[in-house]
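> Coordinates only, no sequence provided:
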């Protein structure tokens, strides 16, 4: 690391940014500026005549964020907003490379220039804090840092005054915040100036082609940030409520999560960014080599279709006999894990939002846990457990030790957790017995998920959270938090109001910027409840194994249905879930995307492409392949007559070719379609 003063060294950058970002009066006031290592992105912080602090961001000499305010509202104290002066500033450079235990890339470079600006109130309160910017070549992260101080020892935060005042309008992709169904909404595509109250990430495309993604990183002991448009193109932070009046309470010294802005020339550049991971703390769990990425099948899709039940009774899915059939199928097809939902006591009756009867160490009478653990082990398969809380988070915490010990004792390396209840209805029970209602993304729940990670890690168990708090890169710090839902997944394709064909091409450049998603792909039957049609071609279902990343990926359809599609199921059998590197070969938000991934520790590559409701072509070079090596390609593509709207949705062409790094491919994607490719390097 290189440390240096920012005064003088960044004068040219500061003047350039200030000329774009502030009024003539503000330019005369003290400011602090720094630029990214390659000089393309610059940040300036200054104050106006009332002592209000604001910051600006430029990219390649063009203003991205116009003067954007900083500050806080409190429930019991004067706001931090004006009468502030810059009291000091420092810069430092950092450049290091670290390795992920699993992921889309094995190695990550963390290269930034940091600008820390101290601010102090000139009023009698004299409160002090710092704003720290980390400026990367592909974006900016900043956070507030408060030392312990007499006038703010116990901070009760009503909201932030943090603004993101975009300098120009653009096209925005966003989903609504603070509605009943948590994060499970489709993305709106509107002008930036028409955004309402939105969950992050919010993805924006400007007229010159520049893309931006607004989000947050390292959400720990704090409330999740949504954004609300104030006027014009300005979005302001809107913190998730808590059970009490303050949205966040902090004692002593504290920091906020990082507020992040990824910037790129195109949509592909957003996905290639490592900014989110880099702004999180390194692994706190130590050796996690006990976690092995891999696929799973499971007792699930028949419940989603309404043919089986989670509750006990004549249609109970999680019976010993049913689970053995799924284990047999997994073993026969090289699938290392089998998920079982509805195996434990607590599902009978009205469990939605009322999970206090759930017992995560007590199986139902028709589920022989010991026998199934033995049987799975004999077949080389592990069970994946399921802990559905029904929103009773404190009830779950009271069972952490027995629940994760039960999982470990029965050979479960991964547990899928769930929090099925409406937003704002998580049940919290304090030590004195007081019952409160929390939001899934509030401060209390952000701490709850850290407690889950720590409790599971004690027993060498990983977890995949559904109805979760948003992803903010914490898989770096807690690498047993291997996946999460946090979006409309495959289950919505079973029900009415199905995901539209553009959904996955939206997800890649929005939800996937948060981190791994358990989308549960691979429904080759293309059938949901009541025999309804999924809005996809069969080839697209294969493509999702490459396009939507998770280290634990479900083969979601039933063994009976896969038996009818074994030619295409071969790709699901072959595709791995852990990668050396990943590349976005082309794409536009909500229209199409093509992604190539290299097998971790190997030479083979896999490529997946998905489109939207239109027929589209995807043309790309194979110059990422090793020069001079021949690759045997297995291509699974839409047939010429394929169309998600007709009975030809199953039309798939499987062809074999020999390809090298000098070749290009041009493939047609049918309406609702896609393609999947395996490239196996010759020895």
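Ah, there it is. Since this is a predicted model, take the numbers as computed values, not measurements.

> measure the most centrally placed residue in the chain to residue 550 for me?
Against the mean C-alpha coordinate of the chain, by C-alpha atoms, centre = their mean, the closest residue is residue 514 at 2.6 Å. The gap separating residue 514 from residue 550 is 12 Å, by C-beta to C-beta, to the nearest Å. Every residue, glycine included, has its C-beta placed from N, CA and C.

> for residue 347, same thing?
25 Å.

> next one: residue 292
From residue 292 across to residue 550, the span is 14 Å (C-beta to C-beta).

> So which of these two has more stuff around it?
The neighbour comparison of residue 292 against residue 550 (other C-beta atoms under 10 Å) goes to residue 550, with 24 against 16.

> Name the SS class of that one, please.
Three-state call for residue 550 (DSSP: H, G, I helix; E, B strand; the rest coil): coil.

> What of residue 448?
When classified by three-state DSSP, residue 448 comes out as helix.

> ok, now residue 678?
Per three-state DSSP, residue 678 ends up strand.

> before we move on, what about residue 666?
strand.

> Then residue 572?
Residue 572 - assigned by three-state DSSP - is helix.

> OK, contacts around it?
295, 522, 542, 545, 555 (C-beta atoms under 8 Å, 6 or more residues apart in numbering).

> how close does residue 324 get to residue 303?
18 Å.

> Oops, could you answer that again for residue 668 instead?
Shown here: residue 668 relative to residue 303, a distance of 36 Å by C-beta to C-beta.

> ok, those two, which is more surrounded?
residue 303 (20 against 17).

> My guess is that one contacts residue 311. True?
No - Residue 303 lies out of contact with residue 311 (C-beta atoms under 8 Å); the separation is 9.8 Å.

> Need the residues touching each of these two.
What both residue 303 and residue 311 touch, as defined by C-beta under 8 Å, 6+ apart, is the set residue 342.

> pLDDT below threshold where in the stretch 151-300 of the chain?
For the stretch 151-300 of the chain, no stretch has pLDDT under 70.

> And the helices in it, which stretches?
All helices of the stretch 151-300 of the chain, identified by DSSP state H, counting those that start in this stretch, fall at 267-272, 275-278.

> of those helices, which approaches residue 261 most closely?
Closest approach to residue 261 among those (C-beta to C-beta): helix 275-278, 8.7 Å.

> Which secondary structure state does residue 524 sit in?
coil.

> circling back: save the helices of the stretch 151-300 of the chain as TSV, and put in mean neighbour count too.
Below are the helices of the stretch 151-300 of the chain laid out as TSV (neighbours: other C-beta atoms under 10 Å):
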stretch	mean neighbour count
helix 267-272	21
helix 275-278	25
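
> mind putting these in TSV, distance to residue 679 included?
Formatted as TSV, the helices of the stretch 151-300 of the chain follow (distance: least, C-beta to C-beta, whole Å):
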stretch	distance to residue 679
helix 267-272	20
helix 275-278	27
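
> Residue 676 is nearest to which of these?
helix 267-272 (18.2 Å).

> Could you name the helices and strands sitting against that closest one?
strand 211-217, strand 258-264, strand 579-588 (3 or more C-beta pairs under 8 Å, 6 or more residues apart in numbering; DSSP states H and E).

> tell me the mean pLDDT for the last one?
Confidence over strand 579-588 (mean pLDDT, whole number) is 98.

> List the buried residues in it.
By neighbour count on 16 or more other C-beta atoms under 10 Å, the buried set for strand 579-588 is 579-588.

> now the residues you listed as CSV including distance to residue 564?
Formatted as CSV, these follow (distance: C-beta to C-beta, whole Å):
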residue, distance to residue 564
579, 30
580, 34
581, 35
582, 32
583, 34
584, 33
585, 32
586, 33
587, 32
588, 34
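
> Widest-spaced pair of these?
580 and 588 (26.2 Å).

> ok, residue 257 - contacts?
143, 216-220, 222, 225, 472.

> Among the residues you listed, which pair sits farthest apart?
220 and 225 (12.8 Å).

> Look at the two and report which has more neighbours.
Relative neighbour count places residue 225 above the other of residue 220 and residue 225, with 25 against 19, counting by other C-beta under 10 Å.

> That one pairs with what?
Per DSSP bridges, the residues bridged to residue 225 are residue 239.

> and it, how far is that from residue 380?
44 Å.

> Can you tell me how far the nearest residue to residue 651 once chain neighbours are set aside is from residue 659?
Of all residues not flanking residue 651 in the chain, residue 639 sits nearest, at 3.2 Å (C-beta to C-beta, 6 or more residues apart in numbering). Separation of residue 639 from residue 659 (C-beta to C-beta) stands at 21 Å.

> One more: residue 228?
Residue 228 is 49 Å from residue 659, by C-beta to C-beta.

> So between the two, which is more surrounded?
Remark: of residue 228 and residue 659, residue 659 carries more neighbours, 19 against 16, as counted by other C-beta under 10 Å.

> who's residue 638 bridged to?
residue 652.

> got the contact list for the closest residue to the residue nearest to the centre of the chain other than its chain neighbours?
In space, and not counting its chain neighbours, residue 514 is closest to residue 471: 3.2 Å by C-beta to C-beta, 6+ apart. Contacts of residue 471 were listed using C-beta under 8 Å, 6+ apart, and they are 484, 486, 514-517.

> Give me the pLDDT for residue 471.
Value for residue 471, per-residue pLDDT: 98.

> tell me the secondary structure for it?
For residue 471, the secondary-structure state derived from three-state DSSP is coil.

> do you know how far the most far-flung residue of the chain relative to its centre is from residue 152?
Farthest-out residue of the chain from its mean C-alpha position, per C-alpha atoms, centre = their mean: residue 124, at 43.1 Å. As judged by C-beta to C-beta, residue 124 and residue 152 stand 14 Å apart.

> overlap in contacts of those two?
Joint contacts of residue 124 and residue 152 (C-beta under 8 Å, 6+ apart) do not exist.

> pretty sure residue 136 contacts residue 41?
Yes - the criterion here is C-beta under 8 Å, and residue 136 meets it with residue 41 at 7.3 Å.

> Return the distance of the closest residue to residue 170 other than its chain neighbours relative to residue 69.
In space, and not counting its chain neighbours, residue 170 is closest to residue 206: 4.2 Å by C-beta to C-beta, 6+ apart. Separation of residue 206 from residue 69 (C-beta to C-beta) stands at 22 Å.

> what does residue 344 give?
50 Å.

> Of those two, which one has the most company?
residue 344 (25 against 20).

> How about the contacts made by that one?
Neighbours of residue 344 in contact, by C-beta under 8 Å, 6+ apart: 358-364, 367, 386.

> Taking the residues you listed, tell me the two that lie furthest apart.
358 and 367 (14.3 Å).

> Quick check: closest non-adjacent residue to residue 67.
With sequence-adjacent residues excluded and distances taken as C-beta to C-beta, 6+ apart, residue 67 is closest to residue 54, at 4.2 Å.

> roughly how far apart are the nearest residue to residue 268 once chain neighbours are set aside and residue 573?
What sits nearest to residue 268 in space, not counting adjacent residues and going by C-beta to C-beta, 6+ apart, is residue 584, at 3.7 Å. Distance check for residue 584 against residue 573: by C-beta to C-beta, it reads 25 Å.

> Give me the average confidence score over stretch 119-126.
Mean predicted confidence for stretch 119-126 is 97.

> same question, stretch 74-94
98.

> buried sites along that stretch?
So for stretch 74-94, counting by 16+ other C-beta under 10 Å, buried means 74, 77, 80-84, 86, 89-92.

> Dump the residues you listed to JSON lines, plus distance to residue 332.
As requested, the buried residues of stretch 74-94 are exported to JSON lines (distance: C-beta to C-beta, whole Å):
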{"residue": "74", "distance to residue 332": "61"}
{"residue": "77", "distance to residue 332": "64"}
{"residue": "80", "distance to residue 332": "62"}
{"residue": "81", "distance to residue 332": "65"}
{"residue": "82", "distance to residue 332": "69"}
{"residue": "83", "distance to residue 332": "71"}
{"residue": "84", "distance to residue 332": "66"}
{"residue": "86", "distance to residue 332": "67"}
{"residue": "89", "distance to residue 332": "63"}
{"residue": "90", "distance to residue 332": "61"}
{"residue": "91", "distance to residue 332": "59"}
{"residue": "92", "distance to residue 332": "56"}
